[in-house]
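J.: Provided below are the primary sequence and the corresponding predicted coordinates.
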Amino acid sequence: AVHGQSRPRSSWTLPVVTHQACYSRAVMPIACSAVAPARACNVSSRRSCVESHRSRQSASRASGCRVVTCSLPSVSSPKTVTLVRHGQSTWNEEGRIQGSSDFSVLTRKGEAQAERTRQMLDGESFDVGFRSPLRRASRTAEVIWGARNGAALVDLWVLREIDLYSMQGLRKQEGKSKLGVQYAAWKAAPADFEIDGHFPVRELWERGAECWQEVLRGEGKDVLVVAHNAVIQAMTANALGLSPEYFRRLEQSNCGVTQFAFDTGGRVELLKLNQTDSPPVLGNLDDATKRGVFICTTSDEAGDTKNEATASQVAAVLRDVTVARALHDGHPASVALATEVCAAVGGDAPNAISSENIHDVLGDRTFTVFASASTIASFTARALGTDAGFASKLRLTRGGITVVEFQNQTTDARVACVNYAAHLGVS
């Protein structure tokens, strides 16, 4: 059984026009943004809802302001929240811009991805599950939830994908030809991208904070959320204190798993980012000109003395990777693991490098860096251009893999994954 609310059909709506050349179902509703965004506005409040929404949009356009991240709600007991993007959809396969439209469904590959993710998360004891009601996410959630007893899945309209208005339904090549400079702005500077009088990414960042309000105010301690690429990026960025300028810099693959821990003192920790059922170390060779594959050699877990990351486990992941050079940060644990792994894969002996100079030695190929948890967290923060507050929110596991990529010979980094640990038997 499925309960909760899906799309609020009785509420006042704004139209999102989907490109009509391909599909006749051209108008999709967007729920009025109010204090409780996933719930419908009642009739008596429609006028104030409309005025509030228009006022916020006008103020944003007039000031050219940046939407900043919002404070997360406090929790009364510790919570773990697992975010999962839907499996491959028909529009993913076609290269069509989906946005918050609901025309696409899972492909066979998408169904298989959802099933593998179900197996990967089989050990998780979810108390409650939230999902976007859009079909591609709804079906993915059904597969992952499986035969779990207890609370049913809850549909939240606030978890829908980014609203892209008249761009929805276009193939990406059509977007280039029909929208020209506007489409180029969407690709080059999405935080400043405007269409049909809206700034979609800025709106999404505000909604990402609203998603956390809905998800964290419940009673469950182990929570599943199944949604979409962009909205999960917005939720992740809000939790980490990152602004809309970080859109597309925290990768979310189809059925990628991102997990957070929240405690009653307000602390937020990222346990993993974009973990899939297959190792992420190959990355996208067409896009990334520099890639650092970081192997964590220490653990953030207090009192953890177990040798979780054996050389054979790490070596098994790296055997299919063409590594230009292996480095370590000089930490004794890094030296030991790097030496064992290089011997196991038949590579050259690892070289020492100071943690401050890692960025400077990354070349045009893949480098493997064996480093302590603090070194990896600090490097990732510097690569993203953020601060120690971000680094302190990364909880890394010994043997976990973090991949940071630099595209098109620029200094802008993209984090492909954080603390991938499937090879260690950690879901």
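T.: Great, that's in hand.

J.: Who does Leu273 form a beta bridge with?
T.: Note on Leu273: beta-bridge partners by DSSP bridges are Val418.

J.: For it, give me the pLDDT.
T.: With respect to pLDDT, Leu273 scores 98.

J.: Distance of it relative to Ala239?
T.: Using Cβ to Cβ, to the nearest Å, Leu273 is found at 11 Å from Ala239. Heads up, the C-betas are built off the backbone N, CA and C, glycines and all.

J.: Please apply the same query to Ser138.
T.: 24 Å.

J.: First-to-last residue distance for stretch 356-367?
T.: End-to-end distance for stretch 356-367, by Cα to Cα, to the nearest Å: 16 Å.

J.: got any ranges where the stretch 251-400 of the chain has weak pLDDT?
T.: Applying pLDDT under 70 to the stretch 251-400 of the chain flags the ranges 282-289, 300-309, 322-324, 361-364.

J.: where do the strands sit along it?
T.: Here the stretch 251-400 of the chain has its strands, by DSSP state E, counting those that start in this stretch, at 257-262, 268-275, 288-296, 323-328, 351-352, 366-371.

J.: circling back: Leu273 and Ala239 - which one has more neighbours?
T.: A count of neighbours by other Cβ atoms under 10 Å puts Leu273 above the other of Leu273 and Ala239, at 28 against 22.

J.: My read is that the more buried one contacts Arg414, right?
T.: No - the criterion here is Cβ atoms under 8 Å, and Leu273 misses it with Arg414 at 11.3 Å.

J.: If you count neighbours, what's buried in stretch 160-178?
T.: Within stretch 160-178, the residues that count as buried by 16 or more other Cβ atoms under 10 Å are 160-171, 174-175.

J.: can you check stretch 420-427 too?
T.: Along stretch 420-427, these residues count as buried under the neighbour rule (16+ other Cβ under 10 Å): Tyr420, Ala421, Ala422, His423, Leu424, Val426, Ser427.

J.: which residues touch that stretch?
T.: Stretch 420-427 is contacted by residues 120-124, 272, 274-277, 279-280, 308-309, 313-314, 316-317, 397, 399-403 when judged by Cβ atoms under 8 Å, 6 or more residues apart in numbering.

J.: Confirm Ala114 sits in a strand?
T.: No - using DSSP: H, G, I helix; E, B strand; the rest coil, the assignment for Ala114 is helix, not a strand.

J.: from what I can see it touches Gln88, true?
T.: No - contact criterion Cβ under 8 Å: Ala114 and Gln88 do not qualify, at 9.4 Å.

J.: residues shared between the contacts of those two?
T.: Leu106.

J.: just to revisit the earlier point, weed out the non-buried ones from the contacts of stretch 420-427.
T.: Buried members of the contacts of stretch 420-427, scored by 16+ other Cβ under 10 Å, are 120-121, 124, 272, 274-276, 279-280, 308-309, 313-314, 317, 397, 399-403.

J.: which residues does Val81 form a beta bridge with?
T.: Beta-bridge partners of Val81, as defined by DSSP bridges: Val223, Phe260.

J.: which residues does it contact?
T.: Val81 makes contact with Val215, Leu216, Val223, Val225, Gln259, Phe260, Phe262, according to Cβ under 8 Å, 6+ apart.

J.: biggest separation within these, which pair?
T.: Pairwise distances across those peak at 14.2 Å for Leu216 and Gln259 (criterion: Cβ to Cβ).

J.: Which one's more surrounded, the two?
T.: Remark: of Leu216 and Gln259, Gln259 carries more neighbours, 21 against 18, as counted by other Cβ under 10 Å.

J.: Surely the more buried one and Leu271 touch.
T.: Yes - at 4.3 Å, Gln259 and Leu271 qualify as touching, with contact defined as Cβ under 8 Å.

J.: Identify the contacts common to the two.
T.: Taking Cβ under 8 Å, 6+ apart as the contact rule, Gln259 and Leu271 both touch Thr80.

J.: still on that earlier bit, so can I have CSV of the strands of the stretch 251-400 of the chain showing distance to Leu83?
T.: What follows is those, written out as CSV (distance: least, Cβ to Cβ, whole Å):
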stretch, distance to Leu83
strand 257-262, 4
strand 268-275, 9
strand 288-296, 21
strand 323-328, 30
strand 351-352, 37
strand 366-371, 26
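
J.: how about these, which one is nearest Ile232?
T.: Nearest of the strands of the stretch 251-400 of the chain (Cβ to Cβ): strand 257-262, 6.4 Å.

J.: Grab the CA positions of that closest one and hand them over as CSV.
T.: Taking C-alpha atoms only, strand 257-262 is exported to CSV below (Å, rounded to 0.1, in the frame of the first residue of the first chain):
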residue,chain,number,x,y,z
VAL,A,257,23.4,6.1,-3.3
THR,A,258,24.2,9.1,-1.1
GLN,A,259,23.9,8.8,2.7
PHE,A,260,23.9,11.3,5.6
ALA,A,261,23.9,10.9,9.4
PHE,A,262,22.2,13.6,11.6
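
J.: Give the buried residues for that strand.
T.: Within strand 257-262, the residues scored as buried using 16+ other Cβ under 10 Å are Val257, Thr258, Gln259, Phe260, Phe262.

J.: do stretch 142-159 as well
T.: Of the residues in stretch 142-159, Glu142, Val143, Ile144, Trp145, Arg148, Leu153, Val154, Asp155, Leu156, Trp157, Val158, Leu159 count as buried by neighbour count, 16+ other Cβ under 10 Å.

J.: Out of the residues you listed, which comes closest to Gly129?
T.: Comparing the buried residues of stretch 142-159 against Gly129 with Cβ to Cβ picks out Leu153 as the nearest, at 4.5 Å.

J.: what's the distance between the closest residue to the closest one other than its chain neighbours and Cys255?
T.: Distances taken as Cβ to Cβ, 6 or more residues apart in numbering place Gly129 nearest to Leu153, at 4.5 Å, with adjacent residues excluded. Relative to Cys255, Gly129 is positioned 15 Å away (Cβ to Cβ).

J.: Kind regards, and thank you for your time.
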